[in-house]
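Asker: Quick one: sequence plus predicted model below, questions after.
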Amino acid sequence: MELLILLLIMLFFFMMKMPVAFSIGITAVIALIQRGLPLELVPQRMFTAIDSFALLAVPVFIFVGEIMNTGGVTQRLFNFCRVYVRHIAGGLGHVNVMASVIFAGMSGSAVADAQGLGAVELKAMRDAGYDDEFSGAITAASSTIGPIIPPSIPLVIYAVLAEQSVGRLFLGGLVPGVLMGSALCVMVYFYAKKRGYPIEPKAGFKEKVTATYKAIPSLLTPIIIIGAIMTGIISPTEAATLSAVYALFLGFVLHKELTLKILYEMLNRTVIGSVTTLIIISSASILSWIVISSGAPTTIAHAMFGMTQNPIVLILLINLLLLVLGCFLEATSILMIMAPILLPIAEGMGFDLVAFGVIFVLNIMIGLITPPMGLCLFVVAKLTELPVSRLVRPTLIMMIPLVIVLLLISIFPQIITFLPNLLMGGGA
């Protein structure tokens, strides 16, 4: 009951359009006062929450995403994908998804995908005769792939909370991310067939070679990140730094589209994005600590095990809970507050915590395109200059393949654990 009251208070602040970090922080302070605990706990818990080497990767991945969006990479990626699939029904929809899958290996952020690639994708789709509702829906849906395929900011945060290997989580997200892209492409194909969207002529060999040649340097970025982590040469945080250096090389030396003025603006946006994320993490850690100390995880675990002890039913119930929360709460806050509560349940039913992390993050990513609080939905609405209400129905249709993949990896978690077990040995 106490947890429900705290969530309702926090939701009230959200609805009042108070910044997420302040909504969570004030709710936590109210809970501290109500329990008679000293307010000195606030700065102590906030600093402890972000005192982690792994979290150093968060601002670096945000910076890499900024470079990719500004340094001419997104347009080259879009052109590369376009020459290979534009002749298929729903061609630019497939390009949209493919570009998101590749961009996911660079930024680790759904919002960065929606903002950066979205601007390029939506203009091209509008010029080709696609309606804005479909274009916006597939852009929003495909952006959710970003934090599933490595690198992933939410998976880094989960790794810290669950004390799991960042490398194993990154590898665990690869196959589900590809499945998400494939499922979305199937939906795009049938949707485009039904709506009769235009089909572009097939690209010639020379055009494909030219587009591929221009995209190769950018395509090396995810290979650097994933390859370095897989070989164990460097940590994920160090891999993030290496990718940032390489991205700067692309922008300044190879593409020559970055200047010192643009770099300054990118650093400004990176600082704002990083501080916003880290303040949310630190504020939510107070609330999470209060909830844990109240014994809520044990109570919820007993209640769920009392309903059923079937692992599949339990994980589906957890999915339902997270999907509902995703409709109303911000993704990072859900991760910080609910992960400590749900982790004991996952452990109790013998669920692999790497698989659980990928499933958890996919749930909250779906929340990013779910009304009324879906952040990516609002980003795309701004880009298309459409009211959110006109994007809801087509986005819900595009959400169907994502939910199917969620159910698939929930019932068969081996889809997630196969790759990390193969490349990094048995479970940690």
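Answerer: Yes, it's here.

Asker: can you give me the mean pLDDT across the helix or strand containing G227?
Answerer: For G227, the element it lies in under DSSP states H and E is helix 205-231. Helix 205-231 carries an average pLDDT of 86.

Asker: Which strands and helices lie in contact with that helix?
Answerer: Using 3 or more C-beta pairs under 8 Å, 6 or more residues apart in numbering; DSSP states H and E, the elements in contact with helix 205-231 are helix 57-70, helix 73-85, helix 91-107, helix 166-195, helix 236-249. Backbone N, C-alpha and C define where each C-beta goes, glycine included.

Asker: Deepest-packed of those helices, please.
Answerer: Highest mean neighbour count of these: helix 91-107, a mean of 28 (counted as mean count of other C-beta atoms under 10 Å).

Asker: So for the helix or strand just after that one, what gets flagged as buried?
Answerer: Beyond helix 91-107 in the direction of the C-terminus, DSSP H and E gives the next helix or strand as helix 110-127. Using 16 or more other C-beta atoms under 10 Å as the test for burial, helix 110-127 gives 110-118, 120-122, 124-125.

Asker: what do you get for stretch 298-315?
Answerer: Applying a neighbour-count criterion of 16+ other C-beta under 10 Å, one finds I300, A301, M304, P311, L314, I315 buried in stretch 298-315.

Asker: As a markdown table, those with secondary structure and distance to L220 would be great.
Answerer: Output for the buried residues of stretch 298-315, formatted as a markdown table (DSSP: H, G, I helix; E, B strand; the rest coil; distance: C-beta to C-beta, whole Å):
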| residue | secondary structure | distance to L220 |
| --- | --- | --- |
| I300 | helix | 45 |
| A301 | helix | 45 |
| M304 | helix | 45 |
| P311 | helix | 40 |
| L314 | helix | 42 |
| I315 | helix | 37 |
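
Asker: Looking at the residues you listed, spot the one nearest A239.
Answerer: Nearest to A239 among the buried residues of stretch 298-315: I315, at 30.3 Å, using C-beta to C-beta.

Asker: Show the contacting residues for that closest one.
Answerer: Counting by C-beta atoms under 8 Å, 6 or more residues apart in numbering, I315 touches A346, M349, F351, I359, S410, I411.

Asker: Now the buried members of these.
Answerer: Among those, those classed as buried by neighbour count (16+ other C-beta under 10 Å) are A346, M349, F351, I359, S410.

Asker: Check which helix or strand the first one maps to.
Answerer: A346 is located in helix 331-348, with elements delineated by DSSP H and E.

Asker: Centre of the chain to the helix or strand immediately after that helix in the chain, how far?
Answerer: Next helix or strand after helix 331-348 toward the C-terminus (DSSP H and E): helix 353-367. Counting by C-alpha atoms, centre = their mean, to the nearest Å, helix 353-367 is centred 9 Å from the centre of its parent chain.

Asker: ditto for stretch 392-411
Answerer: 15 Å.

Asker: Start at 50, not 1
Answerer: Sure, I'll start counting at 50 from here, so that last one is stretch 441-460.

Asker: can I get the CA coordinates of it in CSV?
Answerer: Provided in CSV are the C-alpha atoms of stretch 441-460 (Å, rounded to 0.1, in the frame of the first residue of the first chain):
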residue,chain,number,x,y,z
VAL,A,441,-1.6,6.8,-31.1
ARG,A,442,-3.5,4.4,-33.3
PRO,A,443,-0.8,3.6,-35.9
THR,A,444,1.9,3.5,-33.1
LEU,A,445,-0.2,0.9,-31.2
ILE,A,446,-0.3,-1.2,-34.4
MET,A,447,3.5,-1.0,-34.8
MET,A,448,3.7,-2.0,-31.1
ILE,A,449,2.2,-5.4,-31.8
PRO,A,450,5.5,-6.9,-33.2
LEU,A,451,7.4,-5.5,-30.3
VAL,A,452,5.0,-7.2,-27.8
ILE,A,453,5.3,-10.4,-29.7
VAL,A,454,9.1,-10.3,-29.4
LEU,A,455,8.7,-9.5,-25.7
LEU,A,456,6.5,-12.6,-25.2
LEU,A,457,8.9,-14.7,-27.2
ILE,A,458,12.0,-13.8,-25.1
SER,A,459,10.0,-14.0,-21.9
ILE,A,460,9.0,-17.6,-22.6
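
Asker: which one of the helices and strands packed on helix 254-280 lies closest to M64?
Answerer: The closest of the helices and strands packed on helix 254-280 to M64 is helix 106-119. By C-beta to C-beta, the value is 27.3 Å.
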